[in-house]
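Chemist: have a look; sequence and predicted model below, questions after that.
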Amino acid sequence: MDMFSLFFRSVFIDNMIFAYFLGMCSYLAVSKNVKTSFGLGMAVCFVLAVTVPVNYLIDKYLLQAGALSWLSDRFQNIDLSFLTLIIFIAVIAGIVQLLEMAIEHFSLALYQALGIFLPLIAVNCAILGGSLFMQERHFPTLAHSLVYALGSGVGWLLAIVTFAAIRERLRYSDIPEPLQGNGIAYIITGLLGIGFMALMGF
């Protein structure tokens, strides 16, 4: 699989927000400001870029049927795939905790702006979805999983920053009262999703 095609598809065609609607809670709640949205998007990119390759190695050398054969031939029939969700979530939670501590130390303003949504990255469906999609698609190498993770992160970042920029402009628009708030947000998200679908032919 071509790396560029994989990255492009992860960003635009298989976009976590517009194709699968994963990570919508943070997407809707934090996207009122471009700067904060960019900070959260970068955090999501970082967590995906770390957790997906780590979970790829764990899946390949620990969880899959026969994955433990590198230890000894006695373990070639062992299948630990039933532990997938527990292990993946534990890895994600650990990385998010480290990221939260780093942001609090180096950028207190961003830490306060993100508020509760920073630790909630651990339960962001887009993060877990990245690892589960990686497992489902059986990428041949660690590099493929990393490119997929970066593409998915950039796609999520692009989605939330674009949405935040539009919402900032909407403050000066005359929106009918029934559509104010989440109503217009859902409409815009749908329109952006349709726009991203136009790239499916590439």
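Modeler: Nice, thanks for sending it over. What you are looking at is a predicted structure, and each value in this text was computed from that prediction instead of being measured. Numbering: from 1, shown residues only.
Chemist: could you check the pLDDT of the residue lying farthest from the centre of the chain?
Modeler: What lies farthest from the middle of the chain is R74; by Cα atoms, centre = their mean that is 37.3 Å. R74 carries a pLDDT value of 81.
Chemist: ok, now A185?
Modeler: Per-residue pLDDT puts A185 at 86.
Chemist: and it, helix, strand or coil?
Modeler: helix (DSSP: H, G, I helix; E, B strand; the rest coil).
Chemist: look up the closest residue to it, ignoring the ones flanking it.
Modeler: In this structure, A185 finds its nearest non-sequential neighbour in L28, 5.9 Å apart by Cβ to Cβ, 6 or more residues apart in numbering. To be clear about C-beta, it is placed using only N, CA and C from the backbone, and glycine gets the same treatment.
Chemist: against F163, how distant is the one you found?
Modeler: The gap separating L28 from F163 is 9 Å, by Cβ to Cβ, to the nearest Å.
Chemist: cool, D174 as well?
Modeler: According to Cβ to Cβ, D174 stands 20 Å off from F163.
Chemist: cool, C125 as well?
Modeler: Counting by Cβ to Cβ, the separation of C125 from F163 is 17 Å.
Chemist: looking at the two, which one has more neighbours?
Modeler: A direct count of neighbours by other Cβ atoms under 10 Å for C125 and F163 places F163 higher, at 23 against 16.
Chemist: would you mind confirming that the more buried one is in contact with A29?
Modeler: No - applying Cβ atoms under 8 Å as the test, F163 and A29 come out as separate, 11.5 Å apart.
Chemist: can you give me how far the lowest-mean-pLDDT helix or strand in the chain is from the chain middle?
Modeler: In the chain, no helix or strand scores lower on mean pLDDT, DSSP states H and E than helix 108-114, which sits at a mean of 78. Helix 108-114 has its average C-alpha position 20 Å from the chain's average C-alpha position, going by Cα atoms, centre = their mean, to the nearest Å.
Chemist: check what contacts that helix and list those residues.
Modeler: Outside helix 108-114, the residues within contact range by Cβ atoms under 8 Å, 6 or more residues apart in numbering are V30, N33, K35, T36, G39, L40, A43, E100, I103, E104, L118.
Chemist: out of these, flag the one nearest to A93.
Modeler: E100 (10.4 Å; Cβ to Cβ).
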